[in-house]
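>>> take this sequence and fold it.
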Amino acid sequence: QLIGGMVLHNGGIAEMRTGEGKTLVATLPVYLNALAGKGVHVVTVNDYLAKRDAEWMGRIYKFLGLTVGIIVHGLSDDERREAYASDVTYATNNELGFDYLRDNMKYERSQMVQRGHAYAIVDEVDSILVDEARTPLIISGPLEDRSEMYNTIDAFMLRLGPPDYEVDEKQKTTIFTEDGTERLENMLRDAGLLKGESLYDVENVAIVHHVNNALKAHLLFQKDRDYIVRNGEIVIIDEFTGRMMPGRRYSEGLH
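Sure, this is the predicted structure:
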C-alpha cells in the first residue's frame, strides 16, 4: 500500500488486485498533495462511487483537518464552487470535464466554478482514460422543435427494408443504398417535403440530416439496451458500466 501511494504521488499508474485496498492507498498521495492548498481531485467513474468514497474516506481527511467536497449531477454553480474550493474534491470524469467546458464559456473569472487543476487521482484509469476516451464531451444549444418533421420521417423509416440501407455495427454508421435513396425521394416528394429533383440538392440539407438520424435511431439504438425512457425523457445507458447517465445527450440532433 505504501509503494502504491508513492507511485500515485509520482504520477504513475498503480495496478492493484481486488482486496489490496486501492481506495485506502489513494488517501496517502491525496492527503500529501492537498497540504499544498491548491486542491486535489479524485476522479471516479460514476456518481455512486464519488458519493461512497467521499463519505468513506472523507472521515480520514476531516480527522486530519482537511475539507472534502463532492460533485454530482444536478448541483448549482454555487454548490459546485464550494465543492471545488475544498481541499479534496470527489467527482466523475464527466462532471469535471463539463464544468471545465462551461467555465471556458463564462465571461468573468468570478463566475467560474473550478479554481484550477493541481493534482488529480483517477480511479479505474483504464475505464476512464481508455474505454471512455472515445466519448466526446460537447456543449451544445437546444434545437428548434421539429416534432412534426420527426414523426413524418420516422414513419418513412418503417416502410424501408434491408435492401434500402447498409449498417456497420462496429463503426456505428448507416448509409442508404441507391434503391433506398430513390424510395426515400419518392416518399418525400409525395409528402411535399422534397425540394428540387434530388435528396442531395443543397436546399434539402436539413432533410438529409433528419433522415440519416432517423435511420441511425432505428438501426443502431435499441430501447432498454442503449437508453431508457423515464418521465418522458431519454436517459442514455453507459455501454461500459450499464449505469444510467442522466444529463448526457446524443449529439448532432439525434437526441
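
>>> for T23, list the residues it contacts.
For T23, the contact set (Cβ atoms under 8 Å, 6 or more residues apart in numbering) comprises D53, W56, M57, D123. (Each C-beta comes from the backbone N, C-alpha and C, glycine too.)

>>> those into a markdown table, with extra columns for neighbour count?
Below are the contacts of T23 laid out as a markdown table (neighbours: other Cβ atoms under 10 Å):
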| residue | neighbour count |
| --- | --- |
| D53 | 19 |
| W56 | 12 |
| M57 | 20 |
| D123 | 18 |
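
>>> okay, these in CSV with pLDDT and distance to E203 next?
Below are the contacts of T23 laid out as CSV (pLDDT from 0 to 100; distance: Cβ to Cβ, whole Å):
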residue, pLDDT, distance to E203
D53, 94, 54
W56, 94, 59
M57, 95, 59
D123, 93, 51
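
>>> what's the most distant pair in the residues you listed?
Pairwise distances across these (Cβ to Cβ) peak at 12.4 Å, for the pair W56 and D123.

>>> so L49 touches D123, yeah?
Yes. Applying Cβ atoms under 8 Å, one finds L49 in contact with D123, separated by 7.0 Å.

>>> between the contacts of T23, which is closest to I139?
Closest to I139, out of all of the contacts of T23 and judged by Cβ to Cβ, is D123, at 25.2 Å.

>>> tell me the contacts of the closest residue to the closest one other than its chain neighbours?
Leaving aside its sequence neighbours, D123 sits nearest to T44 (Cβ to Cβ, 6 or more residues apart in numbering; 4.9 Å). Going by Cβ under 8 Å, 6+ apart, T44 touches A50, D53, Y90, A91, T92, N93, D123, E124.

>>> domain ranges for this protein?
Domain assignment for the chain, taken from automatic domain parsing, gives 2-134, 147-245.

>>> partner residues bridging I175?
With DSSP bridges as the criterion, I175 is bridged to E166.

>>> verify the stated contact: it with E166.
Yes. I175 is in contact with E166 according to Cβ under 8 Å; the separation is 5.4 Å.

>>> which stretches in the chain count as helices?
Remark: helices assigned in the chain by DSSP state H are 2-9, 22-25, 27-34, 47-63, 77-84, 93-103, 125-129, 147-158, 178-190, 205-219.

>>> looking at the ones you listed, which is buried most?
Neighbour counts (mean count of other Cβ atoms under 10 Å) averaged over each of these peak at helix 27-34, with a mean of 20.

>>> what mean pLDDT does it have?
For helix 27-34, mean pLDDT rounds to 97.

>>> with just CA atoms, put it into CSV.
Below are the C-alpha coordinates for helix 27-34, written out as CSV (Å, rounded to 0.1, in the frame of the first residue of the first chain):
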residue,chain,number,x,y,z
THR,A,27,-5.6,8.6,0.7
LEU,A,28,-1.8,8.8,1.1
PRO,A,29,-1.0,10.9,-2.0
VAL,A,30,-4.3,12.7,-1.8
TYR,A,31,-3.5,14.0,1.7
LEU,A,32,0.1,14.8,0.9
ASN,A,33,-0.8,16.8,-2.2
ALA,A,34,-3.8,18.5,-0.5
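
>>> I am finished for the moment; much appreciated.
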